[in-house]
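Engineer: Sharing a model prediction with you, sequence too.
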Amino acid sequence: MTDQPDPSGTEPGPVAVDAVGGAGLPTHDAAAVEGPSTVAPLLGRVGAPRGAEATSEEFHIWVPDHILAEKTQLVKAQSVAGTTPVAVYGLVTEVRRRSRRADILEESDRYDNTPEASLALTSGGVTHASVRVLASDPAVLTPPREESPVFAATAGEAQAAYGMVEMRAPVALGLIRNGGERTAGPAMVDLDYLLGALGGHLNVTGIAGVGTKSSFLTSTLALILASFAATAAAHPAVADNPQARAIVLNVKGLDLFWLDHWSQAFTAADAAMWAEMGDAEPRPLPASFCAPQMPGGSEAVPVGRSGVLPYSWSLGDILGQDVLNLLFADSDRDDDNFALLLADVERLLVHEDLGAGGTVRRSLRPDAVARSFRGLLDWFEAGLSDHPPTTWTLSGPHHPATLRRFYRRLRRIVYEDVGVLRMEEGDANPLDVRQLPTNRPAVVDLSSLADPHLQRFVVATLVKQAADDQTGPAALRGMHYLFVLDELNRFAPKGASDPITKLIELVAAELRSRGVILLGAQQQASLVSVRVIENAAIRVLVARQP
C-alpha cells in the first residue's frame, strides 16, 4: 500500500496523488464527495481522432510523459452534454504507447538497425489509453467531448462510478483496484442483493490453491456477521433485526478448523487493508466446530484440536427428517421397483401426524419392525433366509432380487459409514442447523468422510433442515441460513437430476427470499448446475495479482 495518512487528520482516501501527479498541474476539487482538502491530478485529455472516436461506452485519452497511467485505473472526464456539465467516470482497459513512426521498419531504420546506437533527439511519441465508461453524472448516454480534461478519480468518485453510493445496505468485501499497486477505497456490495431482498447468493470461481476461494468466502461471512452485529447494536429495540445461522462446510483439509485463531501469515499490511475497508480492528472469527462421530465411540474423529462436537444420525433421526432416500445412489432411486420398495419400507417404519400449523411430523411407529439400522438389517436378513418368519411382509409384492439389492445397498452404506450412521438406537448426535446459535458460525467437517455420496447426504440433510424451517409456520423474520460450500461441482453437478442436486437448485432458485443463502465456490463454473450459477446475484472471479 502506498497511501499515507493525512497529518491534518482528514483522510484523503487511497488515491496516491504523488504517484500520478506533477508540480504545477491543474487539479479539480472533489469537496462534494470527500471534503475540501481532497484534490485529484489532471491525467490528460480526451482525444477522438479518426479510428478512435469516443462513444457512449468507450473513449480514449492521451497522457503526457511525466504522468503515470495504468490499466485498471479509475478516471473522471469533465465534459458537457449539450450545454449541461457532465462527469463521465471510466475504467482504463488498456494503456498504449504510440511513436510517430509508421511501422516497425522505420523504428529500426531510425537506429540503423543498431540497438546500441544513441540518438540526440527522441522520437516524440505519446502515451494513450482506452477507457470504458462506467457511469456519468447526470446519467446521459453520450460520449465526452474531445479535449475534455481527464482526472484521476478519487475514492468517493470511484464509489459513485460503481454505484456504491446508491446501495441501501453496503458492506465492504475488499478494495477497489486502481492500477498496479494502488487502491481507491472499499469495494462494496449491497446486502440486499446478497441476502435475498432484491437478489441472493454469491458464487466464486477460482483456480485451485491460487484463487483463495475459501479465504474469500469466510472473510465475506465474517463481514456479513459483523454488519448484522452493528445493526443490532444500533437498533436494539427492533424485533426483526437481521440475524444468521451460518454453516461452513469443510470439504478439504482442516484449515477452516482454525477460523478462531490468528493466521500466521497476517501482517501489518493486511491490517492496513482491513483498516482501509473500514475495520480498524480485524479479529479471528469465533465459531463452533463439528466432525463425524467415531465408529464405536462417542467422540468426534480427530481434527487436530479439542472441543469439537461429534455428529451422527440414527435410523429414527433419518426417518424423522425424511432423508432416507438420500442415502441411496441415483441409479437405485431411479429404478421404479427399488423406489417402490423404499416407499414400502418407510410405510412400515414411519408414523406421520399433523403438528401445529398443519406441518407433518414424522417419527418411528410404535409397532415398527425395526427401531435401528441394526434391527432393520436383522429383519431383512431374516426375511431373506430360507425360512422367513411369519411377520415378514415384503416377499409378496416385491421381487426377491429387488429385496436382496436393497439389503446389500443398505448394509454397505451403514457398515462403511458406521460413524455417521449409528447402528443402535439412542447412540447418535444428530446435527440440526435449526438449533445453532445465531451470528456464530459452525464449521462442519466433511473431509473425514471418505465416501463422496455420504458428504452429499450430509450437505443435503442440513440444507433441507434450513429449507423446512424457513418455509414452515415457525419461520423467523430476519433469519438467514448462510451455507458456505466449496466444490459445488461435487454437490450440484451440471446436468444432474438427483434429489440432492434438485434440492440445491431449489435453494438457489426459490429460497433466497426465505433467507436460505448459498455462498458457494468452484474451480470451473461450467461444471456446476446452470440454475445454481445463474441464480447467484453476485459472482466473483478470484485470482492472485501477478
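Structural biologist: It's in.

Engineer: tell me the domain ranges of this protein?
Structural biologist: Using automatic domain parsing, the domain ranges for the chain come out as 17-170, 195-311+432-542, 315-416.

Engineer: next one: the first one to chain centre, how far?
Structural biologist: The reference is to domain 17-170. How far domain 17-170 lies from its chain's middle: 33 Å, per C-alpha atoms, centre = their mean, to the nearest Å.

Engineer: and Arg408, which of the three is it?
Structural biologist: Arg408 falls in the helix class when you classify it by DSSP: H, G, I helix; E, B strand; the rest coil.

Engineer: The one 3 residues further on now?
Structural biologist: Classification of Arg411 into helix, strand or coil gives helix, according to three-state DSSP.

Engineer: could you measure it against Arg374, distance?
Structural biologist: 11 Å (C-beta to C-beta, to the nearest Å). Placement of C-beta: from N, CA and C, glycine included.

Engineer: same thing with Pro138?
Structural biologist: Pro138 is 73 Å from Arg374, by C-beta to C-beta.

Engineer: and those two? which has more neighbours close in?
Structural biologist: Using other C-beta atoms under 10 Å as the criterion, Pro138 and Arg374 rank with Arg374 on top: 16 against 9.

Engineer: need the contact list for that one.
Structural biologist: Residues near Arg374 by C-beta atoms under 8 Å, 6 or more residues apart in numbering: Met423, Glu424.

Engineer: before we move on, what SS does Gln78 have?
Structural biologist: Classification of Gln78 by three-state DSSP places it in strand.

Engineer: How many residues are close by it?
Structural biologist: Applying other C-beta under 10 Å, we find 17 residues neighbouring Gln78.

Engineer: Across the sheet, point out what pairs with it.
Structural biologist: Ala87 (DSSP bridges).

Engineer: Quick check: it touching Pro149?
Structural biologist: Yes. Using C-beta atoms under 8 Å, Gln78 is in contact with Pro149, at 5.4 Å.

Engineer: Might you list the low-confidence residue ranges for the stretch 201-350 of the chain?
Structural biologist: 211 (pLDDT under 70).

Engineer: And for the stretch 1-150 of the chain?
Structural biologist: Residue ranges of the stretch 1-150 of the chain with pLDDT under 70: 1-39.

Engineer: Can you show me the helices along it?
Structural biologist: 17-20, 31-34, 104-110 (DSSP state H, counting those that start in this stretch).

Engineer: Pull the number of nearby residues for Ala187.
Structural biologist: Neighbourhood size, Ala187 [other C-beta under 10 Å]: 18.

Engineer: From the chain's centroid, how far away is the helix or strand it falls within?
Structural biologist: Element membership of Ala187 [criterion: DSSP states H and E] is strand 183-190. Chain-centre distance of strand 183-190: 17 Å, with C-alpha atoms, centre = their mean.

Engineer: Residues contacting it, please?
Structural biologist: For strand 183-190, the external contacting residues (C-beta under 8 Å, 6+ apart) are 1, 3, 13-15, 74, 153-156, 158-159, 162, 164, 167-178, 198, 276-278, 538.

Engineer: try stretch 397-406
Structural biologist: In contact with stretch 397-406 (C-beta under 8 Å, 6+ apart) are residues 332, 337-338, 340-342, 344-345, 380, 383-384, 394-395.

Engineer: Make sure Leu217 is indeed in a helix.
Structural biologist: Yes. Leu217 sits within a helix when classified using three-state DSSP.

Engineer: Surely it is in contact with Val484?
Structural biologist: Yes. If you go by C-beta under 8 Å, Leu217 and Val484 touch, sitting 5.0 Å apart.

Engineer: picking that back up, filter the contacts of stretch 397-406 down to the buried ones.
Structural biologist: The neighbour-count test (16 or more other C-beta atoms under 10 Å) marks Asp332, Phe338, Leu341, Leu342, Val345, Phe380, Gly383, Leu384, Leu394 as buried among these.

Engineer: In which helix or strand does Ser363 reside?
Structural biologist: Here Ser363, judged by DSSP H and E, is contained in strand 360-364.

Engineer: Which elements pack onto that strand?
Structural biologist: Here strand 360-364 touches helix 315-320, strand 350-354, going by 3 or more C-beta pairs under 8 Å, 6 or more residues apart in numbering; DSSP states H and E.

Engineer: Could you give me the buried positions within the longest one?
Structural biologist: Neighbour counts over helix 315-320 (16+ other C-beta under 10 Å) mark Leu315, Gly316, Asp317, Ile318, Leu319, Gly320 as buried.

Engineer: How about the last one?
Structural biologist: Neighbour-count burial for strand 350-354, with 16+ other C-beta under 10 Å as criterion, is recorded at Val350.

Engineer: Run the chain-centre distance for it.
Structural biologist: Strand 350-354 has its C-alpha centroid displaced from the chain centroid by 38 Å (C-alpha atoms, centre = their mean).

Engineer: how much does that strand deviate in direction from strand 360-364?
Structural biologist: 150 degrees (axes from the mean of the first three to the mean of the last three C-alpha atoms, to 10 degrees).

Engineer: residues in contact with strand 350-354?
Structural biologist: Leu319, Val360, Arg361, Arg362, Ser363, Leu364, Arg365, Pro366.

Engineer: repeat for the longest one
Structural biologist: Counting by C-beta under 8 Å, 6+ apart, helix 315-320 makes contact with 324, 327, 346, 349-350, 362-364, 370-373, 375-376, 421, 425, 428, 430, all of which sit outside it.

Engineer: Make sure Ala226 is actually in contact with Met277.
Structural biologist: No. Counting by C-beta under 8 Å, Ala226 stays clear of Met277, with 10.8 Å between them.

Engineer: which residues touch the closest residue to Lys252 other than its chain neighbours?
Structural biologist: Nearest residue to Lys252, sequence neighbours excluded (C-beta to C-beta, 6 or more residues apart in numbering): Ser447, at 5.3 Å. By C-beta under 8 Å, 6+ apart, Ser447 lies in contact with Asn250, Val251, Lys252, Gly253, Leu254.

Engineer: Of these, select the buried ones using a ChimeraX command.
Structural biologist: Applying 16+ other C-beta under 10 Å to these, the buried members can be selected in ChimeraX as follows:
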select :250,251,254
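
Engineer: which of the contacts of Ser447 sit farthest apart?
Structural biologist: Maximum pairwise distance in the contacts of Ser447, criterion C-beta to C-beta, is 11.0 Å, between Val251 and Leu254.

Engineer: ok, Ala226 and Met277, which is more surrounded?
Structural biologist: Set Ala226 next to Met277 and count neighbours by other C-beta under 10 Å: Met277 wins out with 21 against 17.

Engineer: what's the neighbour count on the residue lying closest to Ala329 once chain neighbours are set aside?
Structural biologist: Distance criterion C-beta to C-beta, 6+ apart; nearest residue to Ala329, sequence neighbours excluded, is His453 at 6.4 Å. Residues lying near His453 (other C-beta under 10 Å) number 16.

Engineer: Would you check that His453 makes contact with Asp330?
Structural biologist: No. In this structure, His453 is not within contact of Asp330 by C-beta under 8 Å, at 9.1 Å.

Engineer: now the helices for the stretch 201-350 of the chain?
Structural biologist: Counting by DSSP H, counting those that start in this stretch, the helices of the stretch 201-350 of the chain are 213-234, 268-277, 315-320, 330-333, 336-349.

Engineer: Among those helices, which comes closest to Pro284?
Structural biologist: Nearest of the helices of the stretch 201-350 of the chain (C-beta to C-beta): helix 213-234, 8.9 Å.

Engineer: Give the other helices and strands that the closest one contacts.
Structural biologist: Taking 3+ C-beta pairs under 8 Å, 6+ apart as the contact cut, helix 213-234 packs with strand 170-177, helix 191-194, strand 202-206, strand 243-250, strand 479-485, strand 516-522, strand 538-542.

Engineer: what's the first one in contact with?
Structural biologist: Contacts made with strand 170-177 from outside it, assessed by C-beta under 8 Å, 6+ apart, are listed as 14, 72, 74, 155, 158-159, 162, 164, 183-191, 216, 219-220, 223-224, 227, 273, 276-279.
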